[in-house]
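Colleague: Sequence plus the predicted model coming up.
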Amino acid sequence: MASRSRRSGPPAGARNGSRRRVPMRLLLPALVLVALMAMLMLRGYVHSEILADHRIRPPAPTDHVPEKVLKGGPVIDTRGGRAVTLSVDDHRLVLTFDDGPDPEWTPKVLDVLKKHDAHAVFFVTGTMASRYPDLVKRMVDEGHEVGLHTFNHPDLSYQSDRRIDWELSQNQLAITGAAGIRTSLFRPPYSSFSDAMDDKSWPVTEYIGRRGYITVVNNTDSEDWQRPGVDEIIRRATPKGGKGAIVLMHDSGGDRSQTVAALDKFLPELQDEGYKFQNLTEALGAPSAHTKATGVDLWKGKAWIFLVQASEKITDWLMAGLAVIGTLVIGRFVLMLLLSGIHARRVRRRGFRWGPQVTEPVSVLVPAYNEAKCIENTVNSLMASEHPIEVLVIDDGSSDGTARIVEAMGLPNVRVVRQLNAGKPAALNRGLANARHDIVVMMDGDTVFEPATVRELVQPFGDPRVGAVAGNAKVGNRDSLIGAWQHIEYVMGFNLDRRMYDMLRCMPTIPGAVGAFRRSALERVGGMSEDTLAEDTDITMALHRDGWRVVYAENARAWTEAPESVQQLWSQRYRWSYGTMQAIWKHRKALVERGPSGRFGRVGLPLVSLFMVLAPLLAPLIDVFLLYGIIFGPTEKTIVAWLGVLAIQVVCAAYAFRLDKERMTHLISLPLQQILYRQLMYVVLLQSWITALTGGRLRWQKLRRTGVVEAPGGPVPRQRAAVGDDRRPVG
């Protein structure tokens, strides 16, 4: 897929000496990843996966707790340095519900309370109030009181004053954002009766009072969390002798069906006995515990709820995206393994032939722009071809003497076609116009063919239905880590893909490094187009739509020089990705057309969009959730799941290497490739999407070459001159 660029001057920053800035192509994807991690962190916080403390302190001595508190009522007021307890009057019950709101059970509790015209107090946690703000608002709108139950439900006796302040303020922030009010009521997690106050919990109660809150415990516990049965819940919740009480129940934390059923029976029974079910301040005859929030506090609360709700929705989408990418990855691997195996068995069976053997000469087009370091190896490799060829080197306005190097070689069957710099599609069309034969092979100026490559590449044209053939492109400079990664990608991601697409008859791309075309097929679709930056994908899709078969020749091997730096690799893949998007958009009408075009549109285009655009764009989610799971848990399950996906990839890669008869040693770097390569492809695809959506225009990128690639076995011998050969340059 290599292409040549039009030359351009240095960037503006380099010309005027301005300070170098972080490229937008790196900054924007990085910001998106940071935003995703921030959303995950926020979700983890409100789901008590981050900063949660589940320790519960055992009972302690009560030496420093005032006697009047231990023997007093369930409402403890330590504001202003005092220690006052209050109780509710006889025949008054204050139902209190802890740990909510819950999206399933809290609405049912509210419905029962409304049905029996009863009020209650809901001690909500900040995590649940942030996630379900509409339920908090409903509580307040229907006349119930809400109180703080901390944000993350820790045992405050273990916490510092700073952490206690944080728990209170975040809990209050969530209530303010949800219902527009502030509350002065507080219930400590894991609390029970006032006589259970000890030397560890009492200092917390005193501190809570200094922060302006009234502590509310209980003197009747339904123990509904144990699910003892409806009648037992009612028995435990009912005070003796007509006394008043604060009743502890729960509307969250598990299955609360018994609580709802008990409530529906408990309320009318005790109302018939003269009990009133009121909120706390009604029962005490005190002013409401709620005050209306205004100004900055109100807007901070609303902003908090907005962010939490956004994180919930975004992370839900991320979870769905992760499920999609997991399904796509596994589905693609299964499909590749199955179809590539069938393809290999079909083309390798004894006596397999595409049709009559193709022996007529072919034209090899070599578009070249500033390929002085590579062109000699490229042309020499062609001279060793086992198939009769003519070679046309189309010099696309090179400034490094590429054309002169080829002319100075004095080789038979080689012609040089010169043109002003016009880009690769124009160079190929110029070569096509000057070619003498009906089958045309196209390759890049940095690529080396094996002696059998051309012969293997043209044999499928024995089938008159075949319009183009994709060869087996391989990475020649695989000694570096980045080269080894690309080698894995070429063998596994490209060549195994081509076997699959061949079987599905919807191969999307003839690689620019090694491909062959029937000349009549090219002429019918108008030749190479300049409409996209991926002219090889564009022409392949056009041939499918015109009814031609496009197949894969596994033994037509070509060795190409892959990018040797991250910057060069990014430039290449950016162009490929953007060009592929352009080609998909250009041929979108195939989705609704009939015949071969419609078949390709409804099979090929969706597969290309899923596997080449959507899947790589979502792939970083695997690593984002891996990082999150390792840090915040469940660590073991996360690692096992990731290793499972990696194992599938290893199996697929090993099978691909076996089919291509490659050594398995390069697969050692596969785990690292999967982590780092995904991020690179994410950056590339995201930037390609941005370029496409903003209407940007991507320029051609010329990669720097070293000329180190040779076919296996070293330099190749030159082909002998054919009789009557004409080596005149064509202007």
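Modeller: Looks like it arrived, so ask away.
Colleague: Which elements pack onto the helix or strand encompassing residue 268?
Modeller: Using DSSP states H and E, residue 268 falls within helix 257-272. For helix 257-272, the packing partners by 3 or more C-beta pairs under 8 Å, 6 or more residues apart in numbering; DSSP states H and E come out as helix 105-115, helix 230-237, strand 245-250, strand 276-277. Just so you know, the C-beta spots here come from the backbone N, C-alpha and C atoms, and that holds for glycine as well.
Colleague: Turn the ones you listed into CSV, columns for mean pLDDT.
Modeller: Putting the helices and strands packed on helix 257-272 into CSV (pLDDT from 0 to 100) gives the following:
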stretch, mean pLDDT
helix 105-115, 97
helix 230-237, 95
strand 245-250, 96
strand 276-277, 96
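Colleague: Would you mark the buried spots in the helix holding residue 268?
Modeller: For helix 257-272, the neighbour count (16 or more other C-beta atoms under 10 Å) marks 258-264, 266-267, 270 as buried.
Colleague: For residue 529, find the nearest of the helices and strands packed on helix 257-272.
Modeller: helix 105-115 (59.9 Å; C-beta to C-beta).
Colleague: now for that closest one, which elements pack on it?
Modeller: Secondary elements touching helix 105-115 (3+ C-beta pairs under 8 Å, 6+ apart): strand 92-98, strand 120-124, helix 133-141, helix 257-272.
Colleague: and with 6 Å instead?
Modeller: helix 257-272 (3 or more C-beta pairs under 6 Å, 6 or more residues apart in numbering; DSSP states H and E).
Colleague: So what's the gap between the one helix or strand residue 390 maps to and the chain middle?
Modeller: Element membership for residue 390 (DSSP H and E) is strand 389-396. Centroid separation for strand 389-396 versus its chain: 43 Å, with C-alpha atoms, centre = their mean, to the nearest Å.
Colleague: same check, this time on stretch 129-149
Modeller: 35 Å.
Colleague: Make CSV out of the buried residues of helix 257-272 and add pLDDT and distance to residue 166.
Modeller: Formatted as CSV, those follow (pLDDT from 0 to 100; distance: C-beta to C-beta, whole Å):
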residue, pLDDT, distance to residue 166
258, 96, 35
259, 96, 30
260, 97, 33
261, 97, 38
262, 96, 35
263, 96, 33
264, 96, 38
266, 95, 37
267, 96, 37
270, 95, 39
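Colleague: just the residues you listed now: which is nearest residue 206?
Modeller: Distance to residue 206 across those (C-beta to C-beta) is lowest for residue 259, with 32.4 Å.
Colleague: residues contacting that closest one?
Modeller: Listed by C-beta atoms under 6 Å, 6 or more residues apart in numbering, the contact set of residue 259 reads 224, 249.
Colleague: at 7 Å instead, please
Modeller: With contacts taken as C-beta atoms under 7 Å, 6 or more residues apart in numbering, residue 259 has the following neighbours: 224, 233, 249-250.
Colleague: rewinding a little: in CSV, list the helices and strands packed on helix 257-272 along with mean neighbour count and distance to residue 664.
Modeller: CSV is the format used below for the helices and strands packed on helix 257-272 (neighbours: other C-beta atoms under 10 Å; distance: least, C-beta to C-beta, whole Å):
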stretch, mean neighbour count, distance to residue 664
helix 105-115, 19, 56
helix 230-237, 18, 65
strand 245-250, 24, 58
strand 276-277, 20, 74
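Colleague: right, and those - which one's nearest residue 335?
Modeller: Ranking the helices and strands packed on helix 257-272 by proximity to residue 335 (C-beta to C-beta) places helix 105-115 first, at 44.4 Å.
Colleague: Export that closest one to CSV, keeping only CA atoms.
Modeller: Taking C-alpha atoms only, helix 105-115 is exported to CSV below (Å, rounded to 0.1, in the frame of the first residue of the first chain):
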residue,chain,number,x,y,z
TRP,A,105,-37.0,-1.3,45.5
THR,A,106,-37.2,2.3,46.5
PRO,A,107,-40.0,3.1,44.0
LYS,A,108,-42.0,0.2,45.5
VAL,A,109,-41.4,1.5,49.0
LEU,A,110,-42.5,5.0,48.0
ASP,A,111,-45.6,3.6,46.3
VAL,A,112,-46.6,1.7,49.5
LEU,A,113,-46.0,4.8,51.6
LYS,A,114,-48.1,6.9,49.2
LYS,A,115,-50.8,4.3,49.2
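Colleague: That helix vs strand 120-124, what angle?
Modeller: If you take axes from the mean of the first three to the mean of the last three C-alpha atoms, to 10 degrees, helix 105-115 sits at 170 degrees to strand 120-124.
Colleague: How far does helix 105-115 sit from its chain's centre?
Modeller: 40 Å.
Colleague: ditto for stretch 81-89
Modeller: That offset, for stretch 81-89, works out to 55 Å (C-alpha atoms, centre = their mean).
Colleague: May I have the secondary structure class of residue 573?
Modeller: helix (DSSP: H, G, I helix; E, B strand; the rest coil).
Colleague: Nearest to residue 83 among the buried residues of helix 257-272?
Modeller: Closest approach between those and residue 83, by C-beta to C-beta: residue 270, at 31.6 Å.
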